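Engineer: give the three-dimensional model of this entry:
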Amino acid sequence: QVQLVESGGGLVQPGGSLRLSCSASGTILSIRTMGWYRQAPGKQHELVADIAGGGINYADSVKGRFTISRDDAKNTENLQMNSLNPHDTAVYYCNADVRSKQGYVIRDNECWGQGTQITVSS
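Structural biologist: The predicted structure is shown next:
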């Protein structure tokens, strides 16, 4: 069973910074895409950023402010968020496309973290 655990959320003032981290654990063979999604109250779930062998994608609303990175040796990813504004307030979810081994079976699963709240407010 693969688990994703996020850390680093909290309350920050407008203009401030936060860093989110996500760690994947389990019998992981490889991780293809890793990403961050968010959901604000009353809004749809949206992609914030993702990173794979082919490159990095950012939502237009976070370009130039957020930076995604990953460490494949540790099965971790980070999201550095700068110049935060109230529109960034949401629950942020770690996401990963994981190939894992469960007994003799190799499985490909899309995995999600439990979510971490980020509130940008003065």
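Engineer: what's around the closest residue to residue 26 other than its chain neighbours, how many residues?
Structural biologist: The spatial neighbour of residue 26 that comes closest, neighbours along the chain excluded (C-beta to C-beta, 6 or more residues apart in numbering), is residue 2 at 3.7 Å. To be clear about C-beta, it is placed using only N, CA and C from the backbone, and glycine gets the same treatment. Residue 2 sits with 18 neighbouring residues when counted by other C-beta atoms under 10 Å.
Engineer: residue contacts, residue 2?
Structural biologist: Neighbour list for residue 2: 24-28, 96, 98, 100, 109, 111 [criterion: C-beta atoms under 8 Å, 6 or more residues apart in numbering].
Engineer: same question for residue 97.
Structural biologist: Going by C-beta under 8 Å, 6+ apart, the list of residues near residue 97 reads 31-34, 108-111.
Engineer: which of the residues you listed are buried?
Structural biologist: When the contacts of residue 97 are checked for burial by 16 or more other C-beta atoms under 10 Å, the buried set is 31, 33-34, 111.
Engineer: I'd like the contacts of residue 2 written out as TSV, with secondary structure, pLDDT and distance to residue 72 added.
Structural biologist: TSV is the format used below for the contacts of residue 2 (DSSP: H, G, I helix; E, B strand; the rest coil; pLDDT from 0 to 100; distance: C-beta to C-beta, whole Å):
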residue	secondary structure	pLDDT	distance to residue 72
24	strand	97	10
25	strand	95	14
26	coil	93	15
27	coil	93	16
28	strand	95	10
96	strand	97	11
98	strand	96	12
100	strand	95	15
109	strand	94	18
111	strand	97	15
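Engineer: list only buried entries from these.
Structural biologist: Neighbour counting by 16+ other C-beta under 10 Å classes 24, 26, 96, 98, 100, 111 among the contacts of residue 2 as buried.
Engineer: the first one contacts residue 75, correct?
Structural biologist: What it means is residue 24. Yes. Assessed by C-beta atoms under 8 Å, residue 24 is found in contact with residue 75 at 4.2 Å.
Engineer: picking that back up, quick one: which two of the buried ones among the contacts of residue 97 are the most distant?
Structural biologist: Maximum pairwise distance among those (C-beta to C-beta): 10.9 Å, between 33 and 111.
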